[in-house]
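**Q** Got a predicted structure plus its sequence, pasted below:
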Amino acid sequence: MNRKEIGFEFEIGSPWGMKSTCDRMRRDLGITGLKPQVDVTVETPRTYNGEISTPVWSFRKGMVNLKRIFKWFEKNGIVTNQSCGFHVNLSYKVKELNWMLDLSRLVLCFNEEKWLKLCSRTDNEYAECHIDRLILDRGKRKFANENKAFKWVGDTIEENMDEKFRSINLEHLEYNKPYVEYRCLGGNGYHLRNTVMMNAIVDMSKNMDRALPEGKGTGFMTTKVRECFLPRNKTPMIPH
C-alpha cells in the first residue's frame, strides 16, 4: 500500500491570539510544529480569529492527533462557524506518485458536492465546486461522445489548476513538495462533528488512490461526465 502523509489547517475563533493558542496546545497536548496564520476571512464572536496549521504527519498519526485537537478545541472554548474552513492536505510519502496523479480523476472521482452540502458550504466563495465551474465554462458547447468530453474537461482542469479557491486545490502538485489540498470541509461547529470529518478524510484518501495510474473505482467520474456534458436521453423516466 502506498503510504500517505497528512497535515491540517484550522480556521478558528479563540479566547487567545493564535500564537498563544498554539503554545497552549503544545503544552497540553505535546504537539509541536503548530504555526499561527493571519486569516482576515475568519469572523467569529471570539476575541481572536485566525488560522493554525499543523506539520506534516504520517496518515495514522495525523488522524490520531486530529481527534485530540478537536477534543481540545471543545474543552477550551474554540469557536468555528460558517466563516471557518478546515483544510486537509494529503500527499504520498513517495513524492513522485503525487506528480503522476490524474487531475481529471482527482476532480471527477471525488464527490465534493456531498461534503460541501454536509458542511453547508455549497455557496462558499473560498471552496468553489469544480463541477459547477466546469459547467459554467462549457457555455453552449456540445460533445458528441465521452472521449471528447473527457478531453475538454481534462484540458480545462489543467488550465485552471492554479486557482486555489476550489474545493480541491491542485496548484501545490506543481511544487517540489507536492500535495493535494481539500478545501470542502469546515462550517459551523466543524470541530464537534468528528465522525463527518473523519469519514470525509478517508474518502479523500481513497480519491487520491483512484487518481493514480491504473487506479480502480472510477465509475463516479463517468457518471458525472454523462450527466453534465453529454446530451441527455429524452426518454421520460419511469416513476418508481
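**A** Happy to help now that I have it.

**Q** Spatially nearest residue to the residue nearest the centre of the chain (excluding sequence neighbours)?
**A** The centroid of the chain falls nearest to Tyr182 when counting by CA atoms, centre = their mean (1.6 Å). Using CB to CB, 6 or more residues apart in numbering and skipping residues adjacent in sequence, the residue nearest Tyr182 is Val88, 4.5 Å away. The C-beta positions use only the backbone N, C-alpha and C, and glycine is treated the same way.

**Q** So what's the residue count around the one you found?
**A** 22 (other CB atoms under 10 Å).

**Q** Just say helix, strand or coil for it.
**A** For Val88, the assignment made with DSSP: H, G, I helix; E, B strand; the rest coil gives strand.

**Q** Test my guess that Glu113 contacts Glu128.
**A** No. Between Glu113 and Glu128 there is no contact under CB atoms under 8 Å: 11.7 Å.

**Q** higher neighbour count, those two?
**A** Set side by side, Glu113 and Glu128 show more neighbours around Glu128, with 22 against 16, by other CB under 10 Å.

**Q** Asp137 versus the more buried one, what's the distance?
**A** 12 Å (CB to CB, to the nearest Å).

**Q** Same question for Lys216.
**A** 29 Å.

**Q** Pick out whichever of these two has more residues nearby.
**A** Using other CB under 10 Å, the more surrounded residue of Lys216 and Asp137 is Asp137, with 13 against 9.

**Q** Would you agree that one is in contact with Ile157?
**A** No. Checked against CB under 8 Å, the pair Asp137 and Ile157 is beyond contact range at 10.1 Å.

**Q** what pairs with the residue nearest to Tyr182 across the strands?
**A** Note on Val88: beta-bridge partners by DSSP bridges are Phe8, Tyr182.

**Q** Strands of the chain, residue ranges please.
**A** 4-14, 35-37, 48-53, 57-58, 85-92, 168-169, 180-186 (DSSP state E).
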